[in-house]
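Asks: Here is a sequence with its predicted model. Questions after.
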Amino acid sequence: MKISRFKVMLVEIPMRFSVEHSLAKRATAKNVLLAAYSEGQEVGWGESCPREYVTGETLDSVVNTLEKTLCPYFEGREFSSFAQLVTVLSEKGSRMERNQLAAFCALEMALLDLAGKFFHESAGIVLGPIIHERVRYSAVIAFEDPQAVAEAAKMIQQAHFREIKVKLGKDLDNNRNILRIARDILGEDVSLRGDANCAWDGKESIRQLEALAEFNLQGIEQPVLSEDIRGLKMITAARITPVAVDESLCSVTDAEMLIAEKACDIFNIRISKCGGLLNAQRIYQLAEGNGLRCQLGAQVGEMGLLSAAGRHLACRCPDLIWLEGSYGRLLLEEELCEPDLTIGAQGVGMALDTDGIGVEPIAEMLEKYLV
């Protein structure tokens, strides 16, 4: 398989409703797509959702990294096997800077998809065999308005989700109100966890978590700023609620540091921010080897390509405690890929085991939303 060329694209897809938290508010999904072509004109697809407040990357910087650095490195290269490409990707990806991780995710996905189709391998095989044929995803409530929270909770109840993440903000009274509404509608049997998206500092986190103990939160995600390792250590040591890190965890180096500092209990692995499947697996293995748990996360607005990558991780890793993503048409006005991986009732999704990544952009839909 000889790689002949690449094409970088931007898409912007309206969302069904605005999603907000303390770091951002968005009503559209703005994603980078990458097409990788072989000499025989087979095509592989990759996707990334850069977030400047996470890895420091923007849409423009990802495009620039792909066009000026990553794609030229692979253009014209020839690979005799799927395993040979994986070896090169693994070596290259392990040395990516934090501000190149989302860009490398798009490249890795596109090449694994291309090589998978060419050599008749599933892209997910880099993670090992399928362990779960069916997996169950969480729902997310991401509103500050009580009425919107109530409406979302009713929809979640009707769909029979059992695990729900609730976005929290700075104000304790509002957080208590949001959680009370969610708990009253969803009942005591569902699992609730919170995500503060860096809204607090260490002392405020402990104050809020003690005050919110009545809601039996199963975890609190990123309560402090990403660089506030001291604050994370303080909250983790308090043992009020298990602490998950998101913005603090992007690279393998981040994972090693967080483990050494005993600064969390749970890693939130998002494929885009972590630099693809191979780095996600490295982080997962580090956690497993050091007594930490992992969850699968998703960037808001992921389309089917990243949903497929997340599905591979969900179905091939044995012990992920929570799964997010594959929201597809639940969040986006339209899904650009087929088959449609939007989760069904109870958040159920099925394993993928076809050649490549497992989904393809629909040409006319891609054309409709290209920027």
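Replies: Received the coordinates, thanks.
Asks: Look through this protein and tell me its longest helix.
Replies: The residue-count maximum for a helix in the chain (DSSP state H) belongs to helix 101-119.
Asks: pLDDT (mean, whole number) over it?
Replies: Averaging pLDDT along helix 101-119 yields 98.
Asks: How far away from the center of its chain is that helix?
Replies: Computed by CA atoms, centre = their mean, to the nearest Å, the separation of helix 101-119 from the middle of its chain amounts to 16 Å.
Asks: try stretch 334-347
Replies: In this view, stretch 334-347 has its centroid 16 Å away from the chain centroid, taken as CA atoms, centre = their mean.
Asks: and the end-to-end length of it?
Replies: Counting by CA to CA, to the nearest Å, you get 19 Å between the two ends of stretch 334-347.
Asks: Now do the helices in the stretch 151-300 of the chain.
Replies: For the stretch 151-300 of the chain, the helices defined by DSSP state H, counting those that start in this stretch occupy 172-186, 202-211, 229-238, 252-261, 271-274, 277-289.
Asks: To residue 122, which of the ones you listed lies closest?
Replies: With CB to CB as the criterion, residue 122 lies closest to helix 277-289 of the helices of the stretch 151-300 of the chain, at 11.2 Å. Placement of C-beta: from N, CA and C, glycine included.
Asks: Could I get the buried residue list for that closest one?
Replies: Residues 277, 278, 279, 280, 281, 282, 283, 284, 286, 287 are the ones in helix 277-289 that count as buried (16 or more other CB atoms under 10 Å).
Asks: circling back: output the helices of the stretch 151-300 of the chain as CSV; include the columns mean pLDDT and distance to residue 109.
Replies: CSV is the format used below for the helices of the stretch 151-300 of the chain (pLDDT from 0 to 100; distance: least, CB to CB, whole Å):
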stretch, mean pLDDT, distance to residue 109
helix 172-186, 98, 34
helix 202-211, 98, 35
helix 229-238, 98, 30
helix 252-261, 98, 18
helix 271-274, 98, 8
helix 277-289, 98, 8
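Asks: between the longest helix of the chain and helix 277-289, how many degrees?
Replies: Put simply, helix 101-119 runs at 110 degrees to helix 277-289, going by axes from the mean of the first three to the mean of the last three CA atoms, to 10 degrees.
Asks: Output helix 101-119 in PDB, but only the C-alpha positions, please.
Replies: Output in PDB follows, covering the C-alpha atoms of helix 101-119 (Å, rounded to 0.1, in the frame of the first residue of the first chain):
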ATOM      1  CA  LEU A 101      -2.500  15.500  19.600                       C
ATOM      2  CA  ALA A 102      -5.800  16.200  18.000                       C
ATOM      3  CA  ALA A 103      -4.100  16.600  14.600                       C
ATOM      4  CA  PHE A 104      -2.300  13.300  15.100                       C
ATOM      5  CA  CYS A 105      -5.700  11.700  16.000                       C
ATOM      6  CA  ALA A 106      -7.100  12.600  12.600                       C
ATOM      7  CA  LEU A 107      -4.000  11.300  10.800                       C
ATOM      8  CA  GLU A 108      -3.800   8.000  12.700                       C
ATOM      9  CA  MET A 109      -7.500   7.300  12.100                       C
ATOM     10  CA  ALA A 110      -7.300   8.000   8.400                       C
ATOM     11  CA  LEU A 111      -4.300   5.800   8.000                       C
ATOM     12  CA  LEU A 112      -5.700   2.900  10.100                       C
ATOM     13  CA  ASP A 113      -8.900   3.200   8.100                       C
ATOM     14  CA  LEU A 114      -7.000   3.200   4.800                       C
ATOM     15  CA  ALA A 115      -4.700   0.300   5.700                       C
ATOM     16  CA  GLY A 116      -7.600  -1.600   7.300                       C
ATOM     17  CA  LYS A 117      -9.500  -1.500   4.000                       C
ATOM     18  CA  PHE A 118      -6.400  -2.400   2.000                       C
ATOM     19  CA  PHE A 119      -5.200  -5.300   4.100                       C
END
